[in-house]
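Participant: Build me a model:
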Amino acid sequence: MALFHCQKNKASNSVWSCRRLSTLAITLGLILNFSGVQGPSFYTGLNLVLVPMSTFLMLFAIGRRLRFRIGKGHITAALLLTAGKTLIVPPVLYRLDQDFAGSILMVSNTAILLILPILGFLLQV
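Facilitator: Prediction:
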């Protein structure tokens, strides 16, 4: 429903823009979750059926379109795309300082590469 609203109304500065609507929904959900307000009891049984069913239907629809073979020529592109998506999407999506986000990523990955051998040595002892 939110997606339909966002496609219908392209105004990004309105109160009901996609980003604000999503943030509002998440914030409202967190407030209700932490406030201890109990939802209607029939949602418990309904969610036990709807959540797994909708997950299965979504994965089934996506799975029918996928080909689970990776050609030899596509391995490099797939790895580069995975790394690029991981690097680029969060800074662009959340409008972060991209240089700062890249620096944080490089420092954290370097720290992991330095710490892993030490942890491996300590766990063998």
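Participant: Dead centre of the protein: give me the residue that sits there.
Facilitator: By Cα atoms, centre = their mean, the mean C-alpha position of the chain lies nearest to Pro90, the distance being 9.4 Å.
Participant: Look at that residue and report its pLDDT.
Facilitator: Listed pLDDT for Pro90 reads 72.
Participant: Can you give me the domain boundaries for this structure?
Facilitator: 1-35, 95-125 (automatic domain parsing).
Participant: now those in JSON lines, with mean pLDDT?
Facilitator: Below are the domains of the chain laid out as JSON lines (pLDDT from 0 to 100):
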{"stretch": "domain 1-35", "mean pLDDT": "73"}
{"stretch": "domain 95-125", "mean pLDDT": "79"}
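Participant: circling back to that earlier point, hang on, the residue nearest to the centre of the chain packs against Leu96?
Facilitator: Yes - counting by Cβ atoms under 8 Å, Leu96 is a contact partner of Pro90 at 6.8 Å. Placement of C-beta: from N, CA and C, glycine included.
Participant: buried stuff in the helix or strand hosting the residue nearest to the centre of the chain?
Facilitator: Using DSSP states H and E, Pro90 sits in helix 75-93. Neighbour-count burial for helix 75-93 flags Pro91 (criterion: 16 or more other Cβ atoms under 10 Å).
Participant: what distance separates that helix from the centre of its chain?
Facilitator: Distance of helix 75-93 from the chain centroid (Cα atoms, centre = their mean, to the nearest Å) equals 13 Å.
Participant: same for the helix or strand containing Val107, what does it pack against?
Facilitator: Using DSSP H and E, Val107 sits in helix 98-124. Under the contact criterion of 3 or more Cβ pairs under 8 Å, 6 or more residues apart in numbering; DSSP states H and E, helix 98-124 touches helix 75-93.
Participant: how big is the angle separating the helix holding Val107 from helix 75-93?
Facilitator: Counting by axes from the mean of the first three to the mean of the last three Cα atoms, to 10 degrees, helix 98-124 lies at 120 degrees to helix 75-93.
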